[in-house]
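prediction below, plus the sequence it came from.
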Amino acid sequence: MFGYTFQWKQALARLPQMLDGAVVTLEIALASMVLGILLAVLLTVFRLSGNRVLAAITTTWVEIARNTPALFQIYMAHFGVASFGLHLSPFTSLLIGITFNNAGYLAENFRGALKAIPDTQARSGRSLGMTPLQSFRYVVLPQMLRIAFLPMTNQMVWAILMTSLGVTVGMNTDLYGVTQDLNALTFRTFELFAIAAVIFYLMTKTVQFGARLIAARLFRY
Amino acid sequence: MFDTSLTVADLMFLARGAGVTLLVTAIAVVLGTLLGIAFGIFRYQVGAVWAAPLTFVLDIFRSIPLLIQLVLANAFMGMVLRWQLSGFTVACAVLTMYTAAFCAEIVRGGIEAVPLTIRRASRSLGMTWRQDMASIVVPLATRVALPSWIGLALGVMKDSALVYVVQVTELLKSTQILITRLQEPLFLLMICGAFYFLISFPLARLGGYLERRWTND
Amino acid sequence: MIEIENVRKSFGSLEVLKGIDLTVNKGEVLTVIGGSGSGKSTLLTCINGLEPINGGRIVVDGIEVHAKSTDLNKLRQKIGIVFQQFNAFPHLTVLENVTLAPRKVLGMSKAQAEEIAVRQLTHVGLGDKLGVYPTRMSGGQQQRMAIARALAMSPSYMLFDEVTSALDPMLVGEVLDTLRMLASEGMTMICVTHEMKFAREVSDRVAFFHKGVMAEIAPPAELFGAPKDPELQKFLAATH
């Protein structure tokens, strides 16, 4: 049918190496999500603080994260930072780039989630004698989490997909990097990247499925 | 920082890169949107079961890295089919499908957001399916879908930075070439970032504004 | 005892309370009636310190509510409030809604808090709804849960802010029955309400608010039987 002989066996022989790469990919995605959520919470607090300088930091961060390519953000974390004499490893640059992106998008999601919860909820908590912090922690936050959960799942999927950009700053231990190196070795471009695509697909589907299970357990109301 | 060896010719080089970014984006967004609307309406009309194969295929475009989509398409065309396609064509084709996959979701969501009672009301007034679509569903669905669509178009522009992998020299690749030559990464990246930002930021604001205005009704 | 002395409150240029003087004694049931915008609901949110005031003072059991040194969180444990909107916490079951504050604010153990919660919920007729999420319940049930939630803090005073106004007419009765029960048990209560029949039945005194002023206050028989204030006469004529 095609004037091309597929050599799946030869490519599949490299599967163990690629799966090792997939683990690295998941590690980076997970780490960037954890850091991204923490930073997004901080940015949200900045935004609500009433302090102009802190609010401006949040706005700047969020708008740059949302209005420039993720690849640009990774370049900044690598080449841009390097011009200050700080030479980061590809791993660090990639992690910083994705974390920056995650935090920006998540901060925006958190803002939306916060707006969706009526003031009367926090007020009810206060009227029962809770401190503002207790009222936020036990009344507002759990409801916010439910609204922000789906966007957070989507961001995790994006984080996994974004790890593939690490190759541009010399990353070669993640799934895409490993595949690229194997390609240079064997030239089975189509087969290798098709396998990588399947692995990526399975990873994103697993995350989405897992998130649905967690949501079903967590949000029963 | 402003003590730079950047020449006018280099700036023209960057401008050409920016032009490629905009051209690829425009082609992908226009074709992808048309396809996406067709897919979205199809999915809504035939129902979830019959649309399952299409849904599955479109979902793939949203579940694997764009970089891999580009590499695979390029390898398939070149190595497997032995078609001599330019990188530009491959880039446009892949980005079009990528856009269509997201756009179909937006279109479907927009149609589903039109309450069935409203549609029943319009049909009970004697409107045909087409009249109902044209004068009720499309205007209402557009209100829901347009802000997301603006977001999608901007997303495609940002993601078009990845077409370097099929040898298309768009803005970010042009910037990187200059970085290698001039060794002024921060300055060049800031020019490049500013370009994306100046296009994306106002349009994103517009999308947010429309969303607020239309959800308050 | 709740002592309210010359309390003034403005929202921007709009003065909603124009010098209110009022004392509510232990065990008393006071209902407050009046048209919308008369300032009656605002007074309740000022009493438990949810709103700051612009003049005068409010003293609850010898503690001045708006003094800087006052620990409002502590004070609010004494003063339960139930609002027009039910404000159920949608992410918590009925039982969790009621145990949350006793556990987190009073530091009770789970078992201890649940014992109290079950007692209060049974009291308001929701003993069979413990594991249900509030969104699955009727407005009347949600409102009774909100009352149990406030009661679980063992407050000395209960403030009710138009608690039946957001309810279907069918459901008003069950909530008023709960309030009647509390009144008969000797709870000190201030009820802002539109239910004239209820006010006449349960109150020790009824206060009529008009445009930020307490125009008349008297035992129900007197206030409803022989209203003196012309605005009150108009108001009663319109509501009957």
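Received it, and whenever you're ready, just let me know what you need. Numbering: from 1, shown residues only, chains lettered A, B, ... in the order given.

can you tell me the element residue A:94 falls in?
Assigned by DSSP states H and E, residue A:94 belongs to helix A:90-115.

next one: the helix or strand that that helix is followed by to chain centre, how far?
Going down the chain from helix A:90-115, the next helix or strand is helix A:119-127, by DSSP H and E. With C-alpha atoms, centre = their mean, to the nearest Å as the basis, helix A:119-127 stands 33 Å off its chain's centre.

now helix A:119-127 - C-alpha only, CSV.
The C-alpha trace of helix A:119-127 is given here as CSV (Å, rounded to 0.1, in the frame of the first residue of the first chain):
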residue,chain,number,x,y,z
ASP,A,119,-20.3,36.9,50.0
THR,A,120,-23.2,35.6,52.1
GLN,A,121,-21.3,32.3,52.6
ALA,A,122,-18.3,33.9,54.2
ARG,A,123,-20.6,36.2,56.2
SER,A,124,-22.5,33.2,57.5
GLY,A,125,-19.3,31.6,58.7
ARG,A,126,-18.4,34.9,60.5
SER,A,127,-21.8,35.1,62.1
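
so for that helix, what gets flagged as buried?
A:121, A:122, A:123, A:124, A:125, A:126, A:127 (16 or more other C-beta atoms under 10 Å in any protein chain shown). No exception for glycine: its C-beta is placed from N, CA and C like everyone else's.

now do the SS call for the residue nearest to the last one when sequence neighbours are not counted.
Looking back up the chat, that one is residue A:127. Nearest residue to residue A:127, sequence neighbours excluded (C-beta to C-beta, 6 or more residues apart in numbering or on different chains): residue C:81, at 4.7 Å. Classification of residue C:81 using DSSP: H, G, I helix; E, B strand; the rest coil returns strand.

what sits up against stretch B:81-99?
Residues outside stretch B:81-99 that contact it (C-beta atoms under 8 Å, 6 or more residues apart in numbering or on different chains): A:2-4, B:24-25, B:27-29, B:31-33, B:35-36, B:61, B:66, B:69-70, B:73-74, B:77-78, B:152, B:156, B:159-160, B:163, B:166-168.

host element of residue 60?
Since you didn't name a chain, this refers to chain A. Using DSSP H and E, residue A:60 falls in helix A:52-67.

let me rephrase: I mean chain B.
Residue-wise, residue B:60 maps onto helix B:52-63 under DSSP H and E.

quick check: residue A:205 touching residue B:63?
Yes - using C-beta atoms under 8 Å, residue A:205 is in contact with residue B:63, at 6.7 Å.

just to be sure, residue C:56 is in a strand?
Yes - applying three-state DSSP, one finds residue C:56 inside a strand.

so it touches residue C:8, yeah?
Yes - assessed by C-beta under 8 Å, residue C:56 is found in contact with residue C:8 at 5.7 Å.

identify the contacts common to these two.
With C-beta under 8 Å, 6+ apart, residue C:56 and residue C:8 have common neighbours residue C:19.

for residue B:155, give its distance to residue A:191.
30 Å (C-beta to C-beta, to the nearest Å).

which of those two has more neighbours?
The neighbour comparison of residue B:155 against residue A:191 (other C-beta atoms under 10 Å in any protein chain shown) goes to residue A:191, with 22 against 18.

so who does the more buried one touch?
A:6, A:7, A:8, A:10, A:11.

tell me the two of those that are most distant?
Farthest-apart pair in these is A:6 and A:10; separation 9.6 Å (C-beta to C-beta).

now do the buried residues in the helix ranked longest in chain A.
The longest helix of chain A (DSSP state H) is helix A:15-48. Buried residues in helix A:15-48, counted by 16+ other C-beta under 10 Å: A:18, A:21-22, A:24-26, A:28-29, A:32-33, A:35-37, A:39-40, A:43-44, A:46-47.

leaving out sequence neighbours, find the closest residue to residue C:108.
Counting by C-beta to C-beta, 6+ apart, residue C:102 is the residue found nearest to residue C:108 once chain neighbours are left out, at 4.6 Å.

any idea how far residue C:156 is from the one you found?
Residue C:102 is 16 Å from residue C:156, by C-beta to C-beta.

neighbour count winner among the two?
Applying other C-beta under 10 Å to residue C:102 and residue C:156 shows that residue C:102 carries more neighbours, namely 26 against 15.

tell me the mean pLDDT for the strand or helix carrying the more buried one?
Following DSSP H and E, one finds residue C:102 within helix C:94-104. Throughout helix C:94-104, pLDDT has a mean value of 93.

likewise for stretch C:160-171?
88.

how long is that stretch end to end?
16 Å (C-alpha to C-alpha, to the nearest Å).

buried ones in that stretch?
Those would be C:160, C:161, C:162, C:163, C:164, C:165, C:167, C:171, for stretch C:160-171 by 16+ other C-beta under 10 Å.

for the residue nearest the centre of chain A, pull up the helix or strand it's in.
Central residue of chain A (C-alpha atoms, centre = their mean): residue A:159, 3.2 Å from the mean position. Under the criterion of DSSP H and E, residue A:159 resides in helix A:141-162.

just the C-alpha atoms of the helix or strand following that helix, please, in PDB.
Downstream of helix A:141-162, the next assigned helix or strand under DSSP H and E is helix A:175-186. This file holds the C-alpha atoms of helix A:175-186, laid out as PDB (Å, rounded to 0.1, in the frame of the first residue of the first chain):
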ATOM      1  CA  LEU A 175       9.500  11.400  26.800                       C
ATOM      2  CA  TYR A 176       9.900  13.800  23.800                       C
ATOM      3  CA  GLY A 177      13.600  14.200  24.400                       C
ATOM      4  CA  VAL A 178      14.200  10.500  24.600                       C
ATOM      5  CA  THR A 179      12.100  10.000  21.400                       C
ATOM      6  CA  GLN A 180      14.100  12.600  19.600                       C
ATOM      7  CA  ASP A 181      17.400  11.100  20.600                       C
ATOM      8  CA  LEU A 182      16.200   7.600  19.500                       C
ATOM      9  CA  ASN A 183      15.200   9.100  16.200                       C
ATOM     10  CA  ALA A 184      18.600  10.500  15.600                       C
ATOM     11  CA  LEU A 185      19.900   7.000  16.300                       C
ATOM     12  CA  THR A 186      17.500   4.900  14.200                       C
END
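
so which bits of the following helix or strand past helix A:175-186 are buried?
Where DSSP H and E defines the elements, the next helix or strand beyond helix A:175-186 is helix A:189-218. For helix A:189-218, a neighbour-count test (16+ other C-beta under 10 Å) marks A:189-197, A:199-200, A:203-204, A:207-208, A:211 as buried.

of these, closest to residue B:139?
residue A:208 (32.8 Å).

can I assume residue B:6 sits in a strand?
No - counting by three-state DSSP, residue B:6 is not part of a strand but coil.

identify the residues contacting the longest helix along chain C?
Secondary structure of chain C per DSSP H: the longest helix is helix C:169-184. Contact partners of helix C:169-184, identified using C-beta under 8 Å, 6+ apart, comprise C:29, C:123-125, C:138-140, C:143-144, C:147, C:151, C:158, C:160, C:163-164, C:167, C:189, C:191, C:195, C:198, C:201-202.

what average pLDDT does stretch B:25-38 get?
So the average pLDDT for stretch B:25-38 ends up being 95.

over to stretch A:24-42?
Rounded mean pLDDT across stretch A:24-42 is 96.

also stretch C:233-240?
On average, stretch C:233-240 scores 85.

buried residues of it, list them for me.
Result for stretch C:233-240 [16+ other C-beta under 10 Å]: buried residues C:235, C:236.

tell me how far that stretch lies from the chain's centre.
On C-alpha atoms, centre = their mean, the centre of stretch C:233-240 falls 23 Å from that of its chain.

many thanks, we can stop here.
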